[in-house]
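Colleague: Below are the sequence and a predicted model; questions follow.
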Amino acid sequence: MRIPTTVEEQLAAARHDPLRVLIAGAGVAGLTLARALRGRGLHPVLIERSDPNADKGYMLALLPLVDPIFRQIGVAAEFHAQSVPLRRYRLHGRHGAIIREYALDALLATPGDSRGIARGELLRVLSTGGMPVTFGATVTSITQEPGGARATLAAGDEIEADFDLIIAAYGLHSTTRELVLRPDQVASFDSGWGGWIGWSDTEPALADIGDETWGAGFFVGLYPVKGQFSVFVGGDRRDTATGPARFVARLRGELHAIDARTDRSLTAIASGEDIYYWKLVDCRCATWSVGRVGLVGDAAAGFLPTAGIGAAMAIESAGQLARRLDGVDRDGVPEALRAFERAQRPRVEAAQDNSRQLAGLVFRRGGMAAAVRDVASRFIPLRVALGTIRTLHDSAPAV
Ligand SMILES: Cc1cc2nc3c(=O)[nH]c(=O)nc-3n(C[C@H](O)[C@H](O)[C@H](O)COP(=O)(O)OP(=O)(O)OC[C@H]3O[C@@H](n4cnc5c(N)ncnc54)[C@H](O)[C@@H]3O)c2cc1C
């Protein structure tokens with residue numbers, strides 16, 4: 001688990017480290033990086049803006065790309081125990097009928113299982129054995145000198161501390177991005193869509209199957225985790241502005257075939273209870289480092305959820321960054337960050353492009369476009385649209 005710890009305690013533990021590291025954001029990338037660095041004998045100071053009671057969040061499908069790094073940081077067994085294999089995927093057309101069912105291993109042609117886990121559970125897995133984190137804390141200023149970086153940490157009181165390396169692992173929507181980059185260095189892509197995330201109970205027979213319905217102006221995704229499944233119901237934001245109850249009512253009118261699982265999911269979203277809204281936007285940064293300050297995960301290149309690969313890339317990137325820092329002294333930090341970016345950026349941006357392309361295919365508002373897509377989906381294998389993922393697996397870097 002993530003262990004609430006004061007900044008002062010963390011700074012004291014890092015005092016004699018050959019590299020004093022600050023990681024802002026104890027999410028997927030931040031925890032992976034902290035764990036990988038702790039395995040190399042460092043004590044990174046890890047701060048997190050939110051409180052310690054991480055809620056379940058949403059479901060993450062993790063591609064087998066994460067397996068080598070999970071083995072290296074010693075969480076593979078726990079991840080296996082807390083996640084479920086995703087073996088089948090069913091694509092439904094605009095009126096709800098199943099167009100195709102895929103075996104996921106054949107679809108992705110990757111070694112090993114993709115596995116489903118709730119984000120909150122993944123954070124617990126990444127903290128197996130205990131991970132010190134200062135909660136309710138953020139960075140309010142960073143100044144850099146040739147020999148080091150000074151950060152002001154707001155954790156109740158304001159504390160100034162010196163570091164050799166500061167990593168921004170604060171995800172897609174951080175308000176502190178401007179401490180690192182100018183606004184013109186961050187390009188945002190807005191799909192124009194958004195949707196609600198909720199949860200529902202699953203029946204054992206469907207525990208390894210994900211369902212997606214690609215409608216005309218709407219999308220329904222059902223994704224299993226242990227004992228439950230996560231529901232995403234979305235559409236063009238001009239339409240979802242009516243609220244979940246009215247949006248779901250419209251959608252039910254368009255679906256001729258609604259199975260029991262979809263029916264329960266739609267009811268859960270329409271109720272408005274325990275759901276939250278997510279805007280489907282992403283971002284891409286022009287550079288991943290400025291001197292001794294580096295970005296990793298969604299902070300560097302944020303993902304749309306469409307290809308289900310953002311978290312896997314955040315985990316891979318964190319592992320690669322830790323590897324680049326092996327044996328690096330204080331003076332070598334800026335070049336290590338640049339080398340990390342040179343090697344990892346092409347992989348991450350290829351995955352991000354794949355997510356955007358898939359969004360272009362899925363997020364169709366017009367009935368005609370959706371009808372054409374329904375027909376095409378019978379003949380053009382989804383395998384083609386996911387080709388990038390297979391390439392990324394085939395060319396995965398050593399951990
Ligand atoms: C609905 C949805 C479904 C998705 N499904 C998948 C999927 O199936 N498979 C997949 O691989 N990816 C998926 N993704 C993408 C995936 O969630 C992200 O790519 C991944 O979480 C990025 O990890 P990260 O560590 O960069 O950011 P996060 O996991 O978002 O972590 C960032 C952390 O930083 C904290 N923080 C923010 N600002 C500050 C600050 N100023 N100071 C300190 N802390 C701060 C946040 O509270 C958070 O804990 C999905 C995303 C969404 C929204």
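Modeller: Perfect, thanks for sending it.

Colleague: Close to the ligand: what parts of the protein are there?
Modeller: 24-30, 47-50, 58, 60-62, 138, 169-171, 174, 176, 197, 278, 297-299, 303, 305, 308-312, 314 (CB under 6 Å from any ligand atom). Where you see a C-beta, it was placed from the backbone N, CA and C, and this is true even at glycine.

Colleague: Just the buried ones from those?
Modeller: 24-30, 47-49, 58, 60-62, 138, 169-171, 174, 176, 197, 297-299, 303, 305, 308-312, 314 (16 or more other CB atoms under 10 Å).

Colleague: pretty sure residue 321 is touching residue 167, no?
Modeller: Yes. Taking CB atoms under 8 Å as the definition, residue 321 is a contact partner of residue 167 at 7.4 Å.

Colleague: Can you check which residues contact both of these two?
Modeller: 33, 294, 296 (CB atoms under 8 Å, 6 or more residues apart in numbering).

Colleague: thinking again about what came up before, now intersect the residues of the chain next to the ligand with the helices, please.
Modeller: Of the positions in the residues of the chain next to the ligand, 28, 29, 30, 310, 311, 312, 314 sit in helices, assigned by DSSP state H.

Colleague: For residue 187, state which of the residues you listed is nearest.
Modeller: residue 310 (16.5 Å; CB to CB).

Colleague: mind checking the SS state of residue 336?
Modeller: Of the three states, residue 336 takes helix under DSSP: H, G, I helix; E, B strand; the rest coil.

Colleague: From what I see, it and residue 327 are in contact.
Modeller: No. Residue 336 lies out of contact with residue 327 (CB under 8 Å); the separation is 9.5 Å.

Colleague: returning to what we had before: mind checking which of the shared contacts of residue 321 and residue 167 are buried?
Modeller: 33, 294, 296.

Colleague: would you turn the residues you listed into CSV with pLDDT?
Modeller: Below are those laid out as CSV (pLDDT from 0 to 100):
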residue, pLDDT
33, 98
294, 97
296, 97
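
Colleague: with these in mind, which one is nearest to residue 356?
Modeller: Closest to residue 356, out of all of those and judged by CB to CB, is residue 296, at 20.3 Å.

Colleague: Surely residue 132 is within a strand?
Modeller: Yes. Counting by three-state DSSP, residue 132 falls inside a strand.

Colleague: Just read off the phi/psi values of the closest residue to it other than its chain neighbours.
Modeller: Of all residues not flanking residue 132 in the chain, residue 5 sits nearest, at 3.8 Å (CB to CB, 6 or more residues apart in numbering). Main-chain torsions, residue 5, degrees, to the nearest 10: phi -140, psi 140.

Colleague: wait, isn't residue 5 in contact with residue 134?
Modeller: Yes. Between residue 5 and residue 134 there is a contact at 5.9 Å, judged by CB under 8 Å.

Colleague: more neighbours, those two?
Modeller: residue 134 (23 against 18; other CB atoms under 10 Å).

Colleague: Residue 302 is in contact with residue 174, correct?
Modeller: No. Counting by CB under 8 Å, residue 302 is not a contact partner of residue 174; they are 9.7 Å apart.

Colleague: what about this structure, any weak spots by pLDDT?
Modeller: 54, 109, 367-370, 372-385 (pLDDT under 70).

Colleague: The closest residue in space to residue 86 that isn't next to it in sequence and residue 193, how far apart?
Modeller: Using CB to CB, 6+ apart and skipping residues adjacent in sequence, the residue nearest residue 86 is residue 114, 4.7 Å away. Distance from residue 114 to residue 193, counting by CB to CB, to the nearest Å: 23 Å.
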